[in-house]
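>>> Could you look at this predicted model? Sequence included:
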Amino acid sequence: MNQAQQAITSLITQVEQSVIGQSHVVRSLVIGLLTNGHVLLEGLPGTAKTRSVKSLADTLNTSFGRIQFTPDLLPSDVTGTEVYQEQTDEFGKSKPSLHFQPGPIFNSIVLADEINRAPAKVQAALLEAMAEGTITVGDQTHQLPDLFMVLATQNPVEQEGTYPLPEAQMDRFIMKITVDYPEDDAELDIIRLVRSEEISAKHTVVDSKETEISLIDKIQIEPTLVLQARRDLPTIEVSEIVERYIVGLVMATRKPERYPESNLARWIEVGSSPRASIALDKCARAYAWLQGRDYVEPDDVRAMAHSVLGHRHTLSYDALADGVSHQQVIDELLDHVVIG
């Protein structure tokens, strides 16, 4: 295990200590980080979506920005804007100029909280940042940090006054993670964790020299180790059998008639784009890397299929009428698309 793998393993362990009962969410966030992708978290209130993102950002020694999306938000509130300033030249004369004031999007880890509460124009302001890693304001293009990741959250209920993300923007997220309520034992651990955090905050020790000693000593991971881990991913071997399996899964969403014994043709209206194949390949390699392997197995692809493909197809009217979910469609895919 190299230094980058040790650091990422430590990162996962530390975040899981702050987010109880959501191991799949933590692992998915780290896979998004490794693949240089962006992640959409969907779950009911109180399921630790925001806490997961903040815990990840706290463990990484990098900048963090939060954008609370609301219906009155403007694109410039996200990207930044040019501010008028008076500057004095070498002769003492006043000269007007425009100075760019960066917005919260210029942080390395960006939490886009309740992204579906902002209108389409604001949502679209994220598109260039997510796709190109740049922001254009006026006639100037500004580069975002090398380590840049958008982690968006949305609530699947209370849809009044919201603006559903268009398919083009949904496709920009490498994964969509469903965050469920925790189980009984996890709920008990959550109560105890919050209680211990309250005690720790209350009993922060101040010694006689007035030096504060925190009871919780956290280790921060340097961003350079994440970038090093990203450079390792292209070296992970993917056999032709696995490649064809990835293609088979994606093509089944576009040509479901190939599987007449399944419900795919009745459930899928529009299939996945080529971004789905690229994302599934990247995430499968990251998953294998986290397992300490230098090659991808079909089970790695299957493990990532729900997160990567679940938001990349449109359900038919029949599927909606029958209450079929996107995850059930992926289950059907995995049941009928053969390996090899």
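Received the coordinates, thanks.
>>> what's the residue nearest the centre of the chain sitting at in phi/psi?
Nearest to the mean C-alpha position of the chain, by CA atoms, centre = their mean, lies residue 39 at 1.9 Å. Torsion angles at residue 39 (phi, psi; degrees, to the nearest 10) stand at phi -120, psi 140.
>>> nearest spatial neighbour of it, skipping sequence neighbours?
Leaving out its chain neighbours, the residue that sits closest to residue 39 by CB to CB, 6 or more residues apart in numbering is residue 32, at 4.1 Å. The way it works is simple: take the backbone N, C-alpha and C, and place the C-beta from them, glycine included.
>>> Repeat that for residue 182.
residue 21 (3.3 Å).
>>> Going along the chain from whichever helix or strand the residue nearest to residue 39 is part of, find the next helix or strand for me.
In the assignment (DSSP states H and E), residue 32 maps to helix 23-34. Counting by DSSP H and E, the next helix or strand C-terminal to helix 23-34 is strand 39-43.
>>> between whatever helix or strand comes next after that next one and strand 39-43, how many degrees?
Remark: after strand 39-43, the chain's next helix or strand is helix 49-59, criterion DSSP H and E. Calculated by axes from the mean of the first three to the mean of the last three CA atoms, to 10 degrees, helix 49-59 forms an angle of 140 degrees with strand 39-43.
>>> now for helix 49-59, which elements pack on it?
helix 3-18, helix 23-34, strand 39-43, strand 64-68, strand 109-113, strand 149-154 (3 or more CB pairs under 8 Å, 6 or more residues apart in numbering; DSSP states H and E).
>>> where along the stretch 51-200 of the chain do the helices fall?
In the stretch 51-200 of the chain, the helices defined using DSSP state H, counting those that start in this stretch lie at 75-79, 120-132, 167-170, 184-202.
>>> likewise the stretch 201-340 of the chain?
223-232, 240-254, 264-267, 274-290, 298-309, 317-321, 326-336.
>>> Which one of the ones you listed lies nearest to residue 16?
helix 274-290 (13.2 Å; CB to CB).
>>> Just the residues contacting that closest one, thanks.
Defining contact as CB atoms under 8 Å, 6 or more residues apart in numbering, one finds that helix 274-290 is touched by 5, 8-9, 12, 27, 30-31, 34-35, 37, 171, 174-175, 229, 232-234, 236, 238, 242-243, 246-247, 249-250, 253, 294-297, 300-301, 303-305, 307-309, 312.
>>> What subset of those is buried?
For these, a burial check counting by 16 or more other CB atoms under 10 Å picks out 5, 8, 12, 27, 30-31, 34-35, 37, 171, 174-175, 229, 232-233, 236, 238, 242, 246, 249-250, 253, 296-297, 300-301, 303-305, 307-309, 312.
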